[in-house]
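> kindly generate the corresponding structure for this input.
(one chain, ligands or ions: 2)
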Amino acid sequence: KNIKHFILLALVLVISVNCKEKPKAVEPVKEESQTKPNIVVIYVDDLGYGDVGFNGATEIKTPNLDKLANNGVRFTNGFASSATCTPSRYALLTGVYPWRNKNAKILPGTAPLIISTEQMTIPKMLKTKGYHTGIVGKWHLGLGTGIVNWNEHVSPGPNEVGFDYSYIMAATQDRVPTVYIENGDVVGLDPNDPIEVNYKENFAGQPTGKDNPELTKMKWHHGHNNTIVNEIPRIGYMKGGEKAKWKDEDMADHFLKGAQNYVKKHKDEPFFLYYAMQQPHVPRTPHPRFVGSSGLGARGDVIVEADWCIGEFVKTLEAEGLLENTLIVFTSDNGPVLNDGYFDESDTRIGKHTPAGKLRGGKYSLFEAGTRMPFFTYWKGTIKPSVSDALVCQLDLLSSLSKLVGSDIKVEDSKELLDVFLGKSNKGRESLVIEATSRTAYKEGDWVMIPPYQGPAVLKDVQIEIGNAKNFQLYNLKEDISQQNNLAETNKEKLQDMLTKFEAIRGE
Ligand code: NG6
Ligand code: CA
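Ligands and ions are numbered 1, 2, ... in the order given. This is a model prediction of the structure:
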């Protein structure tokens, strides 16, 4: 009898254990596919809030971007951390406010890497969850530790802060060295024609934009009068490396190919791709098939070109069967500028187009146009189309993507807003400190407070109001998106409240 009981009990146990185990065995598989989508961040350079159809542009057509934005979460209150490139890129990748790092300023092509190799970054975090990580495009976060020898392996760089694969330009299209660098090595370098770079003085006997305008096809307006490459005068001096030099007009196609190849190569594992496009930063050099495509001059043409590239890139994701398993984040590093140093008719042929939409300011500015960006997330079949006015910042991607992939890595400045990025919640950040050329301002809810700063109200060369004023500025963006009514005098209480919170965050 006892033995019978024992057998029965054993049977019951076996059955119940089996029953419990079954769903368990299924779960991890489901979790794997659900929590490891591919992640692509498409980052454009100097594109304004109003430069895209999905934010109301009518004079420039961006059909590919519009299609994604209108089928994803379109953010009306999505911010870059800064109104210039390097600090925004630093914040995007590290989740740390750029004003915490004194080196996070527009960098020359010879600057050392400003992300510590000890620091957390988006690609590093994703690698802990088995992702392959790649960057194709603009870097502009420095390379090496001081003096870089471009003829040897250049390190540390993207590969030392989390990227398994890198194919980059070191700084910007207007800065030397004008070569591509793949995993730390200059592409196509002829050892008999070594590269030398200097930002202080010219190499003896070399023509410059300043002394030899007859050798240039694009004329400099301010800055940009040093070494001439491809008939375009640049910032900084460079010698040698003839065969390795990029062709500006091919750059968009070149980076697109790089991004497409990366996807094709890594389609069988979860991947993260940071596709950092160069448009519409200067010098604007549309491929000949896009010249005249916008009717607005070079800047419009390269925006049309960028939109086309993104369309082609998404086609590749689709063709590889990856679109439903890929989260795409699209945004820009800082606001728009028409004349950023070259005469290319982007300002004179602007017509009715408003790059900043209704926003005041532009690149370099503490006013809204400096940092409020075209911004959307897209994930076919997972994200439902919506418009979100939640306050989000590129800074928040690190902690949010960490949550998405089931990692517990968090960085303090980076708010975990995964549900907001996926369109499931409208509860964004409460506040944000924005930065523009080493000045900061404070946003909270509908309000923005800009402390007094010395210096010109308008940056003359680029004709942009950058936010400097003798007195405090306080705007209610809900009623006054164009920042025309300074309420600092009439709402002293709000001003004081904002100032106190701002100082607490800034640690002043
Ligand atoms: C400025 C350049 C500007 C642009 C900018 C960086 C001059 C006079 N102006 O110093 O043309 O290169 O730096 O742009 O040289 S960013 O988008 O990379 O921040
Ligand atoms: Ca930029």
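> distance between stretch 247-262 and the chain's centre?
Between the centre of stretch 247-262 and the centre of its host chain there is 17 Å, according to Cα atoms, centre = their mean, to the nearest Å.
> in that stretch, what's buried?
Going by neighbour count (16 or more other Cβ atoms under 10 Å), the buried part of stretch 247-262 is 248-249, 251-256, 258-260, 262. In this view, the C-beta of every residue, glycine as well, is placed from N, C-alpha and C.
> can you check stretch 72-83 too?
Applying a neighbour-count criterion of 16+ other Cβ under 10 Å, one finds 72-75, 77-83 buried in stretch 72-83.
> how long is it end to end?
Stretch 72-83 has an end-to-end distance of 25 Å (Cα to Cα, to the nearest Å).
> quick one: the helices in the chain, in order.
Remark: helices assigned in the chain by DSSP state H are 2-35, 63-70, 85-94, 122-127, 251-265, 298-319, 368-371, 397-404, 418-421, 492-506.
> got these as JSON lines, with mean pLDDT and distance to ligand 1 columns?
Formatted as JSON lines, the entries for the helices of the chain read as follows, by pLDDT from 0 to 100; distance: least, Cβ to the nearest ligand atom, whole Å:
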{"stretch": "helix 2-35", "mean pLDDT": "51", "distance to ligand 1": "34"}
{"stretch": "helix 63-70", "mean pLDDT": "98", "distance to ligand 1": "19"}
{"stretch": "helix 85-94", "mean pLDDT": "98", "distance to ligand 1": "3"}
{"stretch": "helix 122-127", "mean pLDDT": "98", "distance to ligand 1": "20"}
{"stretch": "helix 251-265", "mean pLDDT": "98", "distance to ligand 1": "15"}
{"stretch": "helix 298-319", "mean pLDDT": "98", "distance to ligand 1": "13"}
{"stretch": "helix 368-371", "mean pLDDT": "98", "distance to ligand 1": "11"}
{"stretch": "helix 397-404", "mean pLDDT": "98", "distance to ligand 1": "19"}
{"stretch": "helix 418-421", "mean pLDDT": "98", "distance to ligand 1": "24"}
{"stretch": "helix 492-506", "mean pLDDT": "98", "distance to ligand 1": "22"}
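> just say which of these is most tucked in.
Between the helices of the chain, the one whose residues have the most neighbours on average, counting mean count of other Cβ atoms under 10 Å, is helix 368-371 (a mean of 31).
> so residue 209 touches residue 233, yeah?
Yes - using Cβ atoms under 8 Å, residue 209 is in contact with residue 233, at 2.4 Å.
> now for those two: what residues contact both?
Counting by Cβ atoms under 8 Å, 6 or more residues apart in numbering, the shared contacts of residue 209 and residue 233 are 216, 220, 224-227.
> could you single out the nearest of those to ligand 2?
The shortest separation between ligand 2 and any of those is 15.1 Å, and it belongs to residue 224 (by Cβ to the ion).
> what's the burial count for that closest one?
Residue 224 has 23 neighbouring residues, counting by other Cβ atoms under 10 Å.
> now do the same contact list for the closest residue to ligand 1 within the chain.
In the chain, the residue found nearest to ligand 1 is residue 223; the distance is 2.6 Å by Cβ to the nearest ligand atom. Residues touching residue 223, when contacts are defined by Cβ under 8 Å, 6+ apart, comprise 235, 341, 461.
> could you rerun that using 7 Å?
For residue 223, the contacting residues are 235, 341, taking Cβ atoms under 7 Å, 6 or more residues apart in numbering as the criterion.
> and if you look at residue 208?
With contacts taken as Cβ under 7 Å, 6+ apart, residue 208 has the following neighbours: 202, 225-228, 233.
> could you dump those residues to JSON lines with neighbour count?
Rendered in JSON lines, the data for the contacts of residue 208 read as follows (neighbours: other Cβ atoms under 10 Å):
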{"residue": "202", "neighbour count": "17"}
{"residue": "225", "neighbour count": "20"}
{"residue": "226", "neighbour count": "24"}
{"residue": "227", "neighbour count": "23"}
{"residue": "228", "neighbour count": "23"}
{"residue": "233", "neighbour count": "27"}
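> just those residues that are near ligand 1?
Intersecting these with the surroundings of ligand 1, defined as Cβ under 6 Å from any ligand atom, gives nothing.
> those in strands, which ones?
Within these, membership in strands is found for 228, 233, as judged by DSSP state E.
> run through the bridge partners of residue 229.
For residue 229, the residues forming beta bridges with it (DSSP bridges) are residue 232.
> any idea how far residue 507 is from residue 165?
Counting by Cβ to Cβ, to the nearest Å, the gap from residue 507 to residue 165 is 37 Å.
> just want to know which of the two has more residues nearby.
The residue with more neighbours, out of residue 507 and residue 165, is residue 165; 21 against 6, by other Cβ under 10 Å.
> ok, the closest residue to residue 218 other than its chain neighbours - contacts?
Take residue 218 and drop its neighbours on the chain: the residue closest to it by Cβ to Cβ, 6 or more residues apart in numbering is residue 232, 4.8 Å away. Taking Cβ under 7 Å, 6+ apart as the contact definition, residue 232 lies against 216-218, 248, 283.
> ligand 2: which of the residues you listed is nearest?
Minimum separation from ligand 2 among those (Cβ to the ion) is found for residue 283, which lies at 13.4 Å.
> quick one, phi/psi of the closest one?
Here is the backbone geometry of residue 283 (degrees, to the nearest 10): phi -70, psi 140.
> my guess is it meets residue 174, correct?
Yes - under the criterion of Cβ atoms under 7 Å, residue 283 lies in contact with residue 174, with a separation of 5.7 Å.
> what pLDDT does residue 463 get?
The model reports residue 463 with a pLDDT of 98.
> neighbours of it, how many?
Summarising burial for residue 463: neighbours were counted as other Cβ under 10 Å, giving 12.
> and residue 146, by the same measure?
A count of neighbours around residue 146, defined by other Cβ under 10 Å, yields 7.
> distance check, it against residue 69.
Between residue 146 and residue 69 the distance, using Cβ to Cβ, works out to 42 Å.
> try residue 54
Here the criterion is Cβ to Cβ. By it, residue 54 lies 4 Å from residue 69.
> equivalent analysis for residue 39, please.
Separation of residue 39 from residue 69 (Cβ to Cβ): 18 Å.
> just the strands from the stretch 101-250 of the chain, written as ranges.
Using DSSP state E, counting those that start in this stretch, the strands of the stretch 101-250 of the chain run over residues 132-138, 165-169, 180-182, 185-186, 196-198, 219-220, 228-229, 232-233, 237-239.
> would you turn the ones you listed into TSV with distance to residue 413 and mean pLDDT?
As requested, the strands of the stretch 101-250 of the chain are arranged in TSV below (distance: least, Cβ to Cβ, whole Å; pLDDT from 0 to 100):
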stretch	distance to residue 413	mean pLDDT
strand 132-138	21	98
strand 165-169	25	99
strand 180-182	29	98
strand 185-186	33	98
strand 196-198	33	98
strand 219-220	37	98
strand 228-229	38	98
strand 232-233	37	98
strand 237-239	36	98
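> so which bits of the stretch 101-250 of the chain are right by ligand 1?
Listed as neighbours of ligand 1 in the stretch 101-250 of the chain under the rule Cβ under 6 Å from any ligand atom: 106, 140, 172, 174, 222-224, 235.
> and those residues, which of them are buried?
Buried members of those, counted by 16+ other Cβ under 10 Å: 106, 140, 172, 174, 223-224, 235.
> now, which of the residues you listed sits nearest residue 89?
Sorting those by distance to residue 89 puts residue 140 at the head of the list, at 6.0 Å, by Cβ to Cβ.
> ok, now which ones touch the closest one?
By Cβ under 7 Å, 6+ apart, the contact list for residue 140 reads 85-86, 89, 107, 171-172.
> surely residue 296 meets residue 354?
No - using Cβ under 7 Å, residue 296 is not in contact with residue 354; the gap is 11.4 Å.
> which one of these two has more residues nearby?
More neighbours surround residue 296 than the other of residue 296 and residue 354, with 23 against 19 (other Cβ under 10 Å).
> many thanks, I have nothing further to ask.
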